[in-house]
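next come a sequence and a model predicted from it.
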Amino acid sequence: MALYQATASAPVNIAVIKYWGKRDTKLILPTNSSLSVTLDQDHLRSTTTSRADPSFTKDTLWLNGKEDEIKAGGRLETCIREMKKLRKEVIEDNDASAPKLSQYKVHIASYNNFPTAAGLASSASGFAALVSSLAQLYSLVPPVVSPSTLSLIARQGSGSACRSLYGGFVAWEQGVLADGSDSLAIEVAPQSHWPEMHALICVVSDTKKGTSSTSGMQRTVETSTLLQHRIKEVVPARMAAISTAIKNRDFDTFARITMADSNSFHSVCLDTEPPIFYMNDVSRAIISVIVEYNRLSVEKGEGYKAAYTYDAGPNAVIYALEKDIKEIIQLILAYFPQTAGEFKDVLGVFGGAVQDVNVHAKIPAGFNDKVANKWEVGSVKGLIHTKVGDGPRRLAPEEALLNAEGIPKTLA
């Protein structure tokens, strides 16, 4: 009998214009548009295998080897149901010979290669991989179905997941229609447009956060007066300006807007009742270091060279161009030393294999080293150096996560 199975990987994205607040919580329709950079899947990714089979008795999903309940009316069930519906409408209703895969139950195994719910967007890459895997299984791929169409379904799993359906630089347009049919992801520029864009993720905490994004943003919508100004005035102007900066490869403007929007997002969290604090003292110390680094760079007539941004958690993501990233990593090491052997020099900034990366710590000449205290080892638990990446990938059959019986090869 034919094997109906597909495996896909999908990337993490980190927003530079933040999504915070829903106008419809069921359909996950945002109160404002947002824009993100897709990060390289070679470093951070979710991988998902989906199989449809008439012998399966129920839709089942395993996350990192552990079965995850698919609740009726929940986000997982919604994405699976909507993908089956799209398969029936686009393929089966138009081709009598097509196998009726939409009628089969599915087994799905998903694996993240980074900590879940630790301030890295695991739900975004996870739901994007789920939808991409089902899209390949159901033959719902370009030119039959566009990533923007798939993003409408991924959005109903996790809002920011819609932006992980593309590589490069991606906008999630908030839309105005009540049914959400115009709230989707579009590509602003592909990875190839600005491949010099790099990112340094400073993992400040790898434990679950206190206030989840879902509950936090709705408290902000209900109680923050500042959010209304952000929605109506601030974000629309920034979306236009940063899109232009990306098209012009203008890092100075990109950096200024990115940092301003991170500050604005955390300000509306603070303006929430009761206030929400996602950043901690280490997060704020990283800001102080980057602000001084940029002051020095501007003084030299070189413009901004680093841009910090923080999502709903204490981890910093520092965007920089390839030519400056080594100096920035050296500077971060000077204030936030790493455990020997922890840093993976995957992009070869220090020549590859590095036993103790702290030997490369260095503060640039003219830098005011009093802007922040030097922290102890472990204050920043890890550094991940990555860069702008591509969209979801189709993986080879041998990379499947399910065994011959349709059960994960590795169980927790």
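Yes, it's here.

any regions of this protein where pLDDT drops low?
For the chain, the stretches flagged by pLDDT under 70 are 115-121, 206-209, 412.

can you map out the helices along it?
75-90, 122-137, 147-154, 213-223, 225-229, 235-247, 251-270, 281-299, 322-335 (DSSP state H).

list of residues touching stretch 274-281?
By CB atoms under 8 Å, 6 or more residues apart in numbering, the residues outside stretch 274-281 that reach it are 119, 204-205, 209, 211, 216, 219-220, 266, 269-270, 310-314. No exception for glycine: its C-beta is placed from N, CA and C like everyone else's.

now do it: distance to the chain's middle.
21 Å (CA atoms, centre = their mean, to the nearest Å).

could you identify the most distant pair in the contacts of stretch 274-281?
Based on CB to CB, the longest span within the contacts of stretch 274-281 runs between 204 and 219 and measures 22.7 Å.

quick one, which of these two is more surrounded?
Between residue 204 and residue 219, counted using other CB atoms under 10 Å, the more crowded position is residue 204 (24 against 17).

contacts only, for the more buried one.
119, 280, 282-283, 286, 313-316, 379-381.

hmm, 6 Å instead?
282-283, 314-315, 380 (CB atoms under 6 Å, 6 or more residues apart in numbering).

once you drop chain neighbours, what's closest to it?
Leaving out its chain neighbours, the residue that sits closest to residue 204 by CB to CB, 6 or more residues apart in numbering is residue 314, at 4.1 Å.

what does residue 123 give?
Using CB to CB, 6+ apart, the closest residue to residue 123 is residue 158 (3.9 Å).

I'd say that neighbour and residue 127 touch.
Yes - the criterion here is CB atoms under 6 Å, and residue 158 meets it with residue 127 at 4.6 Å.

export the helices of the chain to TSV and tack on distance to residue 62?
Shown next, in TSV, are the helices of the chain (distance: least, CB to CB, whole Å):
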stretch	distance to residue 62
helix 75-90	12
helix 122-137	12
helix 147-154	19
helix 213-223	22
helix 225-229	37
helix 235-247	37
helix 251-270	33
helix 281-299	33
helix 322-335	36
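
now, of the ones you listed, which is deepest in the fold?
helix 122-137 (a mean of 28; mean count of other CB atoms under 10 Å).

gap between the closest residue to residue 245 other than its chain neighbours and residue 310?
The shortest distance from residue 245 to any non-neighbouring residue, by CB to CB, 6+ apart, is to residue 253 (3.9 Å). From residue 253 across to residue 310, the span is 20 Å (CB to CB, to the nearest Å).

equivalent analysis for residue 104, please.
43 Å.

what is the burial count for the nearest residue to residue 137 once chain neighbours are set aside?
Once flanking residues are discounted, residue 137 sits nearest to residue 6: 4.1 Å by CB to CB, 6+ apart. Residue 6 sits with 22 neighbouring residues when counted by other CB under 10 Å.

list the contacts of residue 6.
50, 133, 136-137.

just these now: which is nearest residue 342?
Taking the contacts of residue 6 together and measuring to residue 342 by CB to CB, the closest member is residue 133, at 31.5 Å.

verify the stated contact: that closest one with residue 46.
No - taking contacts as CB under 6 Å, residue 133 lies outside contact range of residue 46: 9.6 Å.

looking at it, the residue nearest to residue 204 is touching residue 286, isn't it?
No - Residue 314 is not in contact with residue 286 according to CB under 6 Å; the separation is 9.3 Å.

what residues are up against residue 19?
30, 34, 159-160.

once you drop chain neighbours, what's closest to it?
Using CB to CB, 6+ apart, the nearest residue to residue 19 is residue 34, at 3.9 Å.

count of residues packed around that neighbour?
26.

quick check: it vs residue 1, distance?
44 Å.

can you check residue 272 too?
Residue 272 is 54 Å from residue 1, by CB to CB.

look up phi and psi at residue 31.
Main-chain dihedrals, residue 31, degrees, to the nearest 10: phi -80, psi -10.

count of residues packed around the closest residue in space to it that isn't next to it in sequence?
Leaving out its chain neighbours, the residue that sits closest to residue 31 by CB to CB, 6+ apart is residue 21, at 3.7 Å. For residue 21, the neighbour count with other CB under 10 Å is 23.

same question, residue 369
Neighbours of residue 369 (other CB under 10 Å): 12.

need the contact list for it.
Counting by CB under 6 Å, 6+ apart, residue 369 makes contact with residue 363.

switch to 8 Å and redo it
So residue 369 contacts 334, 363 (CB under 8 Å, 6+ apart).

quick check: the gap between the nearest residue to residue 13 once chain neighbours are set aside and residue 194.
The shortest distance from residue 13 to any non-neighbouring residue, by CB to CB, 6+ apart, is to residue 36 (4.0 Å). For residue 36, the distance to residue 194 equals 14 Å [CB to CB].

quick one: common contacting residues for these two?
What both residue 36 and residue 194 touch, as defined by CB under 8 Å, 6+ apart, is the set residue 169.

higher neighbour count, the two?
It is residue 36, of residue 36 and residue 194, that has more neighbours when counted by other CB under 10 Å, with 28 against 19.

for the more buried one, give me its contacts.
Residue 36 touches 13-17, 160, 163, 169-170, 172, counting by CB under 8 Å, 6+ apart.

which residue ranges of the stretch 1-150 of the chain form strands?
Ranges of strands in the stretch 1-150 of the chain, per DSSP state E, counting those that start in this stretch, are 4-11, 13-17, 22-24, 29-30, 34-38, 45-53, 60-63, 66-68, 105-112.
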